[in-house]
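K.L.:
Dropping a prediction and its sequence here:
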Amino acid sequence: MWDNPWAPLVASAITVVLILVLAFVIRNLAHRVITRVVTRAATGGSITSRFRKGAVTDGIDALLHERRKQRAETMGSVLKHVASIVILGTAVLTVLERLTIPIAPLLTSVGILGVAIGFGAQELVKDFIAGMFMLLEDQYGVGDVIDAGAAIGTVEAVTLRVTRLRDTDGRVWYVRNGTITRIGNESQGWSRSYMDVPVAYDSDIVSVKVLLEHVAEEMWADSELRESRIVEQPQVFGVEQLSDSSLVFRISAKTVPGTQAEVSRELRLRVKQALDSAGIPMVAGA
Amino acid sequence: MWDNPWAPLVASAITVVLILVLAFVIRNLAHRVITRVVTRAATGGSITSRFRKGAVTDGIDALLHERRKQRAETMGSVLKHVASIVILGTAVLTVLERLTIPIAPLLTSVGILGVAIGFGAQELVKDFIAGMFMLLEDQYGVGDVIDAGAAIGTVEAVTLRVTRLRDTDGRVWYVRNGTITRIGNESQGWSRSYMDVPVAYDSDIVSVKVLLEHVAEEMWADSELRESRIVEQPQVFGVEQLSDSSLVFRISAKTVPGTQAEVSRELRLRVKQALDSAGIPMVAGA
Amino acid sequence: MWDNPWAPLVASAITVVLILVLAFVIRNLAHRVITRVVTRAATGGSITSRFRKGAVTDGIDALLHERRKQRAETMGSVLKHVASIVILGTAVLTVLERLTIPIAPLLTSVGILGVAIGFGAQELVKDFIAGMFMLLEDQYGVGDVIDAGAAIGTVEAVTLRVTRLRDTDGRVWYVRNGTITRIGNESQGWSRSYMDVPVAYDSDIVSVKVLLEHVAEEMWADSELRESRIVEQPQVFGVEQLSDSSLVFRISAKTVPGTQAEVSRELRLRVKQALDSAGIPMVAGA
Amino acid sequence: MWDNPWAPLVASAITVVLILVLAFVIRNLAHRVITRVVTRAATGGSITSRFRKGAVTDGIDALLHERRKQRAETMGSVLKHVASIVILGTAVLTVLERLTIPIAPLLTSVGILGVAIGFGAQELVKDFIAGMFMLLEDQYGVGDVIDAGAAIGTVEAVTLRVTRLRDTDGRVWYVRNGTITRIGNESQGWSRSYMDVPVAYDSDIVSVKVLLEHVAEEMWADSELRESRIVEQPQVFGVEQLSDSSLVFRISAKTVPGTQAEVSRELRLRVKQALDSAGIPMVAGA
Amino acid sequence: MWDNPWAPLVASAITVVLILVLAFVIRNLAHRVITRVVTRAATGGSITSRFRKGAVTDGIDALLHERRKQRAETMGSVLKHVASIVILGTAVLTVLERLTIPIAPLLTSVGILGVAIGFGAQELVKDFIAGMFMLLEDQYGVGDVIDAGAAIGTVEAVTLRVTRLRDTDGRVWYVRNGTITRIGNESQGWSRSYMDVPVAYDSDIVSVKVLLEHVAEEMWADSELRESRIVEQPQVFGVEQLSDSSLVFRISAKTVPGTQAEVSRELRLRVKQALDSAGIPMVAGA
Amino acid sequence: MWDNPWAPLVASAITVVLILVLAFVIRNLAHRVITRVVTRAATGGSITSRFRKGAVTDGIDALLHERRKQRAETMGSVLKHVASIVILGTAVLTVLERLTIPIAPLLTSVGILGVAIGFGAQELVKDFIAGMFMLLEDQYGVGDVIDAGAAIGTVEAVTLRVTRLRDTDGRVWYVRNGTITRIGNESQGWSRSYMDVPVAYDSDIVSVKVLLEHVAEEMWADSELRESRIVEQPQVFGVEQLSDSSLVFRISAKTVPGTQAEVSRELRLRVKQALDSAGIPMVAGA
Amino acid sequence: MWDNPWAPLVASAITVVLILVLAFVIRNLAHRVITRVVTRAATGGSITSRFRKGAVTDGIDALLHERRKQRAETMGSVLKHVASIVILGTAVLTVLERLTIPIAPLLTSVGILGVAIGFGAQELVKDFIAGMFMLLEDQYGVGDVIDAGAAIGTVEAVTLRVTRLRDTDGRVWYVRNGTITRIGNESQGWSRSYMDVPVAYDSDIVSVKVLLEHVAEEMWADSELRESRIVEQPQVFGVEQLSDSSLVFRISAKTVPGTQAEVSRELRLRVKQALDSAGIPMVAGA
């Protein structure tokens, strides 16, 4: 095709340069697309976002915004790495092929090693995929109290591979995301605080119930509790258990997440005082 | 075939354009087919639809209609994504091949990465397939109380990958659909409420049974309970257990789903009052 | 071969039409074969059919016939779908090849996706295969009380993928067929009802045994029980357990499936009355 | 090679017919070989046959012969199906190839489906292989009482995929053969019946032992027990347990399989009578 | 190459015969090699052989020799089957290829079936490999009492796939070798027999210890025990447990395998007699 | 191309040398890149580094620096081995190909063995990948007290495959990194020390609380505790449990990691002394 | 190339001989390299060697040297087998190819069988890899007391596939190395011996502590204990548990591995004597 003996070499060089330039262009394009898609996914349609908004006050909107931004960055960075590796890897192989350098030996040694590692890396990929969806669905964030199966505690950090929790004893737990089959989040919406009150079998059911309902009303009337802890007037349920020696009543209150232990203590204090002043002793429950 | 030196280029361009146009036409066609099939599948032949209709009143037909529509949309969107990816991917590869651009290097790098990710993504696909069939079979919907193995609670959201529940303590659970091997739905048809009544070994069996049957009749006669809670006259079973110290009778009532706890409380109250007025004490059961 | 320049096109068109016609003919043929085979398999040689016939009365032959027909239809429909997909898929690929349209790109993108989905769909296929064999072997049908491991209850629906049960609390269970490793069917043939009778260590063994045998004879003589519940005279076993304080006798009756709880209650009632009239108290068993 | 223009067609037809005839011949040959091999395997060298012969009487030789024949038929039928499918499948593909019909598209669609089903069918194949070896090794047969892990009961049917048991409550169990990792067969050779006899710490060890040995001798002397239940004189072991309040003796008897519960009852009866007549009370064991 | 038109046919026939002859020669050679290797492996370097020799008397050398021979035969027969299948399979394929008969269709249908069965047969291969190594390492033999995890009992038969045990209740267990992750063999070298002796908190520690050591010396002096049961003078350990009510001493003896239960009974008898004669009562241990 | 007959040989030799030289150059380059990347990864962006800095004093910065350096070396060495194997393997294969030596047989035998080993080596690769990420994320280091699931103890060594712990009994545990699904690290930040104080049901709640708060203040005032053990004033929680016989108070203190046992002992000592001096006895808690 | 008609045959023969010679040379070379590498690995850089040196006396250096040598031999032999098989297999295939003998049929039948066996042999390879690393890392050796999960006992033999232990009852355990996920070695460095001392709630804390510390000092002063058993003065911890009836003190001693039971007995003896002489009784602990 060409008379110039250098022509093939020049043509090859031009092809190589063209391929590399094209690869970089495509890579940058891919990065931009990923940034846009991830940002939209992370800030927009999470399945919990609407729910959260209703439950939390406006003051923590900034926090949520910050979490969304971090989420977008975390996920974007992984996708960008994957895209770069695929595009540049393809470019290098194409260049080698254009220069008629045999790539079979390279593919062979990489392939054998790749398969060996591929099997072992399954769990790693599982962890990353699980982490990515957890982030996307906003199942939990830093500061939430969660039950991750292997450990229960306050989330201290969320990465794509592991979640770091601190339990109430101060122990720090690193849980791989892929090993989490279900998450229980105690910090979304509301929590519930219970108290079972066992009284003697021959107690007057009606008067005990009235007494407990009085306690419930007083707690709801307490402005301090109402502002920061209880989200609903406590309810008194009737005879929950019945044995030959006792009747068990239950009093229950919906609380702000994280304050249920405090509300329970308050509940015990007030119920005991009410029982004492009415002269009704508690008995060993069933 | 052509004398014009530009002819091959023009022919190539035309081929490319034709392929892309064809791909978009096929993709739109596939989307339409998916919409139609999914809508029919989701609204028509679910294995529970006939059953549900009998158990619920006409008033919630609208709700069911809404659930069906959402189901059709949720499933359709995934299938459309899959179809788009297959059709456009095929089109791109065909174009590259027509332009005699080597696609082996691209396939190689995508392939190696694909296998690595494929293994790790198994669980993701499992989750989606499980979710799709759960939706199709209408095993549960938002508002049902279900036992998903990992957690028990009220369904708050159903997506193809996870189901979100809230348990009675207010904890929010995210359960991956693929990890659910069996679902127990407490909100379909009816529930049952039990009470075991242990009386002394030397009690008169017949008179106790008559007493309990009287309680059962009164509950069935109570118009309030009958309207909103009990769906059948409570039954009294004979001696369920027999030990050296006690005879255990059982009284059981079919209730509207979700009201069994309330009915049990009512049952305990009434049985205790009846035993008290008859002077029969409960004893420690076997 | 042809002088007519349109000849190749015409030949191609004819080939395509021939292939498609042939495919439809083969598909219809396959459907017929499937219908015949499945009908024979489902109605004929189930491993339980002979057994069932002996245990149930002729009145429910119609029910069994109905179950067989449903079974044949359920299984046939899946096999027909599979056959249609294979035959039409082959036809489409053959047509593309005859038209010298490259199918490699299509196969590549379908293949990559196929492998990814294939791994995840394993469990789905397992469910279907398990369901097919359960149906073929008639392990259980609608109305049977079964123990499926994950749940125990009355079968409400059997599909190839899931079995729907309702337990005694009214909870509806969806159990994937592939997760069932063993089925316990309580509604085939007969059930057994037990009662352990602990009496004082120094009781006269012979007279207690005579007393219990008398109870057993009376139950067998009771025409009502005999007609609808008990299928064999109850047996009295000797000293089943022996401790420093008690001798435990056992009385056992074979019953019609589903009536064992009732028979047990009757048994307890009669044994207690017999012991009372003989002045023998029960004691705390070992 | 031929001048006749029809020659190629005729040659093709002949080839096709030859291939099909050959295939049928090979298939029939294979069936015969399978019949012979399986019959020999099933009747000849089972690892338990020698053992069984010694333990059972000559009267049940006919039963064993019947079981062997059934076994040979069960296994042969599966192997023949497999052989037919391989041979006819090969013949069809060879014919298609000879007729220069492209088989790649067919293989492609069958292959994709085959892999998808293959993964899911693993368990099915496992069940069949396990069943085949269980039959070959004669691990159990209809009428044996076995512990299959998932259920314990009397074998009612053995197929290559499942084993059907009936437990003592009358429940029918279908256990997949592949899920059985170990079988415990209670109906081979002999069973053992135990009784622990706790007496007071300050009892005279020698006289109690003599007493129990006397009971053992009497049982062995009882011709009824000896004929149909006990296969060896019961043995009395010395002090099996020693606590601050009791000495525990043990008496044990080898019995005919299936009669151990009866022998235990007889043992308890006789030991109690002997202790009573000697004025030695039983005490709460350690 | 040849002028004779029959030459190619003759050449083909000669080739075929040569290939088959060669295959049989190689197969016989392989069988001989296997016999030699297996015999050496089974009789020579088992990891327990040296250990066994020291622990058992010369009298049972013949038994060990017999076990080794059986082992060599069992393993050799499997290897020979595998070698025959590989060599003859290769020969058949080579013949088909030389005769220019297309083997692709055959490989295709065998391959598809092979993969399907291969997955399911994994466990079978695992069982065989596990059995082969158990035999090679002589982990246990017929007559040994082993703990195989799934069952504990006396080995009645060892094949490459299953091990048959009989437990103390007379139940026969078939345990697949591949499911055994660890074996506990109670019949190698020695066993140990224990007895814990709790005495009152205020007992004199030294005098109790002297008493027990006296019992130990007497047992070691007893020629009958020493000959057939005890292999070392029993040892008395000091205060093993200490609570507010008791001191626990321990006496322990190394015994010949299988006699530990008898030695324990003897130990209990002698210790009780010694305590009785010294007027020291046993108390409830901690 | 060349007239010299030795030319091809010379050319081949030159090519070989060039390939080998190139391979070594690339390998050295790869090693440098790895060293740089790993050093940056290990010292820089670990997810716990910021957190640690805040919790530990400046004095142990040197220790952290040392740990980082070790980490970089450990990880770098594995990556360098992998890179060397890939690059030199590729070079050798390329050389063989250039010399037109057939590499198919070599690849075949290596491949078969490679697949066999590859499956078995999965767990090895898992261990290495898990170890690498644990190091990178600095989940724990030598000297930390961790809960690794299989064992709890002080870390003595961390390698890429196993972690070596020593528990409180002195037992040394080797735990494979791939089997660790979650790590609980007790040595990061702080630990918590608890004490539950049950007092009589009729105690005065307020005065007990004041008493305990006084103990808490005194502990916080104790300079020795404050300097080296307690990091926050101990808190007194109200009525944590309430039964018919007792009220349970809780006192809790945040401590320096590793000193919580000591602080608990101090807490028990001081609370007991305070209760004694106030004449309040502890009672059996609920 | 040659005029001599025998030339090709001669050339082939020469090639074959050259290949075989080359293969043997490479195999010997590989064996030497393996010997050198393994020896260095086994004797040099084991992760526990430094640690061991400090804890054990110089007298057992010879033992360690012996263990290292054995380790090198065990591992080297496996690697040499693998290398021989790869190199000779490659040589054979190369020879067959040079002789233009078709190797496809051989590869086909070996391949099908290879895959089938490969799946089943996974666990075998896992065992070998695990064993190799255990040896390399010197996790335990003959004579160590280890907890291997499946069994606890003294190591009697270590091979690449199984570890043989003997537990305290004399049972010999064969544990497959691949099933061991964590090893607990009780024979490295030191062990700990504990004793909990519960005294009455109203005991004087200080005087009891002084008493126990006196016991600790005396033990440390006892030259016999110090020389061969205790490695550190025993420590007395304060109030470990506090209930309404008791205070629990703890006394703990670091001991030479294997002597902790003896030291515990000594500890109990001395503490009891001290308490007795001081007139302080032990009480039932919490």
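P.N.:
Great, that's in hand. Numbering: from 1, shown residues only, chains lettered A, B, ... in the order given.

K.L.:
From now on I want contacts and neighbour counts done on CA atoms only, so please keep to that.
P.N.:
OK.

K.L.:
any weak-confidence spans in chain A?
P.N.:
Residue ranges of chain A with pLDDT under 70: A:1-5, A:41-64, A:100-119, A:285-286.

K.L.:
Would you mind listing what in it touches chain B?
P.N.:
For chain A, the contact set with chain B under C-alpha under 8 Å from any C-alpha of the partner chain comprises A:47, A:86, A:89-91, A:93-94, A:111, A:114, A:118-119, A:121-126, A:129, A:139, A:181-193, A:238-244.

K.L.:
So which of those residues belong to strands?
P.N.:
A:Arg182, A:Ile183, A:Gly184, A:Asn185, A:Ser191, A:Arg192, A:Ser193, A:Gly238, A:Val239, A:Glu240, A:Gln241, A:Leu242 (DSSP state E).

K.L.:
Within reach of chain G, which of the residues you listed are there?
P.N.:
Among those, chain G is touched by none when using C-alpha under 8 Å from any C-alpha.

K.L.:
List phi and psi for A:Ala151.
P.N.:
Dihedral pair for A:Ala151: phi -160, psi 150, per degrees, to the nearest 10.

K.L.:
so it touches A:Trp173, yeah?
P.N.:
Yes - with contacts counted by C-alpha atoms under 8 Å, A:Ala151 reaches A:Trp173, the gap being 6.8 Å.

K.L.:
Which neighbours do those two have in common?
P.N.:
A:Leu165, A:Asp167 (C-alpha atoms under 8 Å, 6 or more residues apart in numbering or on different chains).

K.L.:
these two touch, right, A:Val239 and B:Arg265?
P.N.:
Yes - between A:Val239 and B:Arg265 there is a contact under C-alpha under 8 Å: 5.5 Å.

K.L.:
Tell me which of those two has more neighbours.
P.N.:
A:Val239 (22 against 19; other C-alpha atoms under 10 Å in any protein chain shown).

K.L.:
Now for the more buried one: which residues touch it?
P.N.:
A:Leu247, A:Val248, A:Phe249, A:Arg250, B:Arg265, B:Arg268, B:Leu269.

K.L.:
all strands for chain A, in order.
P.N.:
Using DSSP E, strands in chain A cover A:145-147, A:152-158, A:162-166, A:172-176, A:182-185, A:191-200, A:235-242, A:246-255.

K.L.:
Of those, flag the one that's most buried.
P.N.:
strand A:172-176 (a mean of 27; mean count of other C-alpha atoms under 10 Å in any protein chain shown).

K.L.:
Show me how far that strand is from its chain's centre.
P.N.:
Taking the mean of its C-alpha atoms, strand A:172-176 sits 13 Å from the chain's own mean (C-alpha atoms, centre = their mean, to the nearest Å).

K.L.:
That strand vs chain F: in contact?
P.N.:
Yes - under the criterion of C-alpha under 8 Å from any C-alpha, strand A:172-176 makes contact with chain F via A:Val172, A:Trp173, A:Tyr174, A:Val175, A:Arg176.

K.L.:
ok, the fourth one to B:Gln273 distance?
P.N.:
For A:Val175, the distance to B:Gln273 equals 53 Å [C-alpha to C-alpha, to the nearest Å].

K.L.:
what sits against A:Tyr162?
P.N.:
One thing to correct before we go on: residue A:162 is Val, not Tyr. Taking C-alpha under 8 Å, 6+ apart as the test, what A:Val162 contacts is A:Asp127, A:Gly131, A:Tyr174, A:Val175, A:Arg176, A:Asn177.

K.L.:
which non-adjacent residue is nearest it?
P.N.:
A:Arg176 (4.3 Å; C-alpha to C-alpha, 6 or more residues apart in numbering or on different chains).

K.L.:
hang on, the one you found packs against F:Arg182?
P.N.:
Yes - at 6.5 Å, A:Arg176 counts as touching F:Arg182 under the criterion of C-alpha under 8 Å.

K.L.:
count of residues packed around A:Ser84?
P.N.:
There are 19 residues near A:Ser84, going by other C-alpha under 10 Å.

K.L.:
Can you verify my assumption that it contacts A:Leu29?
P.N.:
No - A:Ser84 lies out of contact with A:Leu29 (C-alpha under 8 Å); the separation is 10.7 Å.

K.L.:
For the stretch 1-150 of chain A, which segments count as helices?
P.N.:
A:7-43, A:49-55, A:61-98, A:104-136 (DSSP state H, counting those that start in this stretch).

K.L.:
what's the closest of those helices to chain C?
P.N.:
Of all the helices of the stretch 1-150 of chain A, helix A:104-136 sits nearest to chain C, with 12.9 Å by C-alpha to the nearest C-alpha.

K.L.:
how about the residue nearest to A:Pro198 when sequence neighbours are not counted, what does it touch?
P.N.:
Using C-alpha to C-alpha, 6+ apart and skipping residues adjacent in sequence, the residue nearest A:Pro198 is A:Val248, 4.1 Å away. Residues counted as contacts of A:Val248 (C-alpha under 8 Å, 6+ apart) are A:Asp196, A:Val197, A:Pro198, A:Val199, A:Val239, A:Glu240, A:Gln241, A:Leu242, A:Gly285.
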